[in-house]
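# Need coordinates for the below:
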Amino acid sequence: MVELDPKYPYPIPAAELERRFLRLHSPAISDCLDRLGHRAHVLPVEVRPLDPKMKLAGPIFTARGEATKEDKEEFIQFAFQGYSQMIAMPRPVIVIDSSGDRTSSHWGELLSNAAKAIGAAGTVAVGGVRDVDRILPLGYPVFAAFTTPADIRGRWRYVDFACPLRFGEVVVRPWDYLLGDMNGIAVVPRELVVPVLEAAEKVIDTEEEIRAELQAGNNPLEVYAKYGAF
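Numbers count the residues shown, from 1 in each chain. Below you'll find the predicted structure:
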């Protein structure tokens, strides 16, 4: 585990950045990253929100784990030390790499309560989650690949925090930025956050104009020729 660099890397205040990203949707982010030549940016497609209405945006805090037969008490202090680093980030999104483990849940209701209390924006488990019925009333966004009632005790453990993660060709680093919605999850490299945000805002504005013309009955081909998008 490395110490998280506490320096805020964006020129836009955290609250404004989150507000502006939440106005967008993940397809707009994805399209803008494609145009910049950064094509590997979408997390595994099986990772879905527990409720389709859930949406989250924020700087990424990473956690990684692996299969084990150790009891939870053998690593729980290390896990709490790792998660304590999140305090250095404003409204972080926790991204958990389960290393492909499918034997247990890697997130649950008590962790959701704790993360919400310290101001986290949400959690993305590229793995499992449980306590869904108790998470949903919290209003805390959680995305996961699957659900299972099985605890991590004797099955899985945390091994690193604030570290780079890799999902296929997609690399996820602390302080990269994430937008997740019912379409999926797009990850923006921290050095591209502002250009992608500004480009995606223009996409959203153009989409609103296109939508208005289509709803008015204008010819789709003429609309496409006018805007160069559809």
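# what's whichever helix in the chain runs longest in contact with?
Longest helix in the chain by number of residues (criterion: DSSP state H): helix 193-215. Defining contact as CB atoms under 8 Å, 6 or more residues apart in numbering, one finds that helix 193-215 is touched by 9-12, 17, 20-21, 23-25, 28-29, 31-33, 35-36, 177, 188, 220, 223, 226-227, 229-230. Where you see a C-beta, it was placed from the backbone N, CA and C, and this is true even at glycine.
# before we move on, what about stretch 129-139?
So stretch 129-139 is contacted by 50-51, 105-110, 112-113, 116, 142, 144, 146-151 (CB under 8 Å, 6+ apart).
# now with 10 Å?
For stretch 129-139, the external contacting residues (CB atoms under 10 Å, 6 or more residues apart in numbering) are 50-51, 54, 96, 104-113, 115-116, 123, 141-152.
# Can I get the longest helix of the chain as PDB, trimmed to CA atoms?
Extracted C-alpha coordinates of helix 193-215, given in PDB (Å, rounded to 0.1, in the frame of the first residue of the first chain):
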ATOM      1  CA  VAL A 193     -10.700  15.400 -16.900                       C
ATOM      2  CA  VAL A 194     -11.100  19.100 -18.000                       C
ATOM      3  CA  PRO A 195     -11.000  18.600 -21.800                       C
ATOM      4  CA  VAL A 196     -13.300  15.600 -21.600                       C
ATOM      5  CA  LEU A 197     -15.800  17.500 -19.300                       C
ATOM      6  CA  GLU A 198     -15.900  20.500 -21.600                       C
ATOM      7  CA  ALA A 199     -16.200  18.400 -24.700                       C
ATOM      8  CA  ALA A 200     -19.000  16.300 -23.200                       C
ATOM      9  CA  GLU A 201     -20.900  19.400 -22.100                       C
ATOM     10  CA  LYS A 202     -20.900  20.500 -25.700                       C
ATOM     11  CA  VAL A 203     -22.200  17.100 -26.800                       C
ATOM     12  CA  ILE A 204     -25.000  17.300 -24.300                       C
ATOM     13  CA  ASP A 205     -26.000  20.700 -25.500                       C
ATOM     14  CA  THR A 206     -25.900  19.600 -29.100                       C
ATOM     15  CA  GLU A 207     -28.000  16.500 -28.300                       C
ATOM     16  CA  GLU A 208     -30.700  18.700 -26.800                       C
ATOM     17  CA  GLU A 209     -30.900  20.700 -30.000                       C
ATOM     18  CA  ILE A 210     -31.000  17.600 -32.200                       C
ATOM     19  CA  ARG A 211     -33.700  16.100 -29.900                       C
ATOM     20  CA  ALA A 212     -35.800  19.100 -30.200                       C
ATOM     21  CA  GLU A 213     -35.600  19.100 -34.000                       C
ATOM     22  CA  LEU A 214     -36.400  15.400 -34.300                       C
ATOM     23  CA  GLN A 215     -39.400  15.800 -31.900                       C
END
